[in-house]
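> Next come a sequence and a model predicted from it.
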Amino acid sequence: MMNFPRLLLSLGLFLMFAGIFLPFMILVGVIESTFLLNFLSWGASVSGLSLGTIGFAVWTRMRRE
C-alpha cells in the first residue's frame, strides 16, 4: 500500500468528500441524523485526512529518491 501513493491520495480524497457529503445531506434533511451516521461521517473525514497526508508524504519521499 505504501508503494502506491496515488491510491492513498485517491482514497483519502474520496473519504474526505464522503465526510463533507454526509453531513450536508443530513443538514438538508435527505438523510435522518443518527449517532452511527454522524460517527461514520466524522470517521470518514478524519481517516481521509490521515490517508491523504500519508499518501502525500510517501509521494514526496518517492520523488526525492
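Ah, there it is. Numbering: from 1, shown residues only.

> Which of the three states applies to the residue nearest the centre of the chain?
In the chain, the C-alpha closest to the average C-alpha coordinate belongs to G48, at a distance of 2.1 Å (CA atoms, centre = their mean). What DSSP: H, G, I helix; E, B strand; the rest coil gives for G48 is helix.

> residues contacting it?
By CB atoms under 8 Å, 6 or more residues apart in numbering, the contact list for G48 reads 11-19. (Each C-beta comes from the backbone N, C-alpha and C, glycine too.)

> mind listing which of these are in helices?
Among these, the ones falling in helices (DSSP state H) are 11-19.

> Just the buried ones from the contacts of G48, in PyMOL syntax?
Buried subset of the contacts of G48, written as a PyMOL selection, criterion 16 or more other CB atoms under 10 Å:
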select buried, resi 11+12+15+16+18+19
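
> got TSV for the contacts of G48, with pLDDT and distance to W59 too?
As requested, these are exported to TSV (pLDDT from 0 to 100; distance: CB to CB, whole Å):
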residue	pLDDT	distance to W59
L11	94	13
G12	94	11
L13	94	13
F14	96	17
L15	96	17
M16	95	17
F17	95	19
A18	94	22
G19	94	21
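
> do you know how far A57 is from F24?
To F24, A57 is 29 Å away according to CB to CB, to the nearest Å.
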